[in-house]
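*Asks:* Here's my sequence, what's the structure:
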Amino acid sequence: MIFIMPLVQCLKNNCHLFNYSYICELLNYGMKDKTVYELHAEVCKALAHPLRIEVIDVLQNKELCFSDILEKTGGLKSNLSQHLSVMVDNGILKMRKESRCNYYSLSSAKVAKACSLMREVLIDNLKKQQKIHRNILQ
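*Replies:* Now for the predicted structure:
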């Protein structure tokens, strides 16, 4: 765990001090003491809200300022602000400030891909349930 925390801080700050093999070595070390699973769970918790998943959909392949995200998602300004902060703090989004506006984008295209894969699992499960219901009603 002693090696993992500097890595997490570096990754959250978009630092590029660690090379790929060193990161793999740290993650393998983390798997032995289950740290990597704790870190993974933290990222999943940061995704576990409908508005956050909607924000990921809205930001696919683009950067938007706060007011544009607010307009597209609806809701309260303070609520959206809190959700965006959680997502930035957990490395899901990047934020840059320009003039009076904060601009947000996905930290990686892999974030959108992961959400898309989970949606496919959801759709597959719904189809299976629908098939079961049809069989019961026949």
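*Asks:* hey, let's count contacts and neighbours off CA atoms from now on
*Replies:* Fine.
*Asks:* From residue 110, how far out is the residue most central in space within the chain?
*Replies:* Centroid-nearest residue in the chain, with Cα atoms, centre = their mean: residue 92, separated by 4.0 Å. Per Cα to Cα, to the nearest Å, residue 92 is found 10 Å from residue 110.
*Asks:* May I have the phi/psi pair for residue 104?
*Replies:* Backbone torsions for residue 104, taken as degrees, to the nearest 10, come to phi -120, psi 150.
*Asks:* Could you report the pLDDT at it?
*Replies:* With respect to pLDDT, residue 104 scores 98.
*Asks:* Now the residue nearest to the centre of the chain, what are its backbone angles?
*Replies:* Dihedral angles for residue 92 - degrees, to the nearest 10 - are phi -80, psi -40.
*Asks:* Tell me which stretches of the protein form strands.
*Replies:* Taking DSSP state E as the test, the strands found in the chain are 64-65, 93-98, 101-106.
*Asks:* Please name whichever of the ones you listed is nearest to residue 87.
*Replies:* Nearest to residue 87 among those is strand 93-98 (5.6 Å), distances taken as Cα to Cα.
*Asks:* Sort out which residues of that closest one are buried, please.
*Replies:* 93-95 (16 or more other Cα atoms under 10 Å).
*Asks:* Identify the residues contacting it?
*Replies:* 84, 87-88, 102-108 (Cα atoms under 8 Å, 6 or more residues apart in numbering).
*Asks:* Show me which of those residues are buried.
*Replies:* 84, 87-88, 103-107.
*Asks:* Now distance to residue 137 too, for the residues you listed, in CSV please.
*Replies:* Output for these, formatted as CSV (distance: Cα to Cα, whole Å):
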residue, distance to residue 137
84, 44
87, 43
88, 47
103, 51
104, 48
105, 46
106, 44
107, 46
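*Asks:* Quickly name whichever of those residues is closest to residue 47.
*Replies:* residue 87 (7.6 Å).
*Asks:* Quick check: beta-bridge partners of the nearest residue to that closest one once chain neighbours are set aside?
*Replies:* Leaving aside its chain neighbours, residue 87 sits nearest to residue 93 (5.6 Å; criterion: Cα to Cα, 6 or more residues apart in numbering). Here residue 93 sits in beta bridges with residue 106, going by DSSP bridges.
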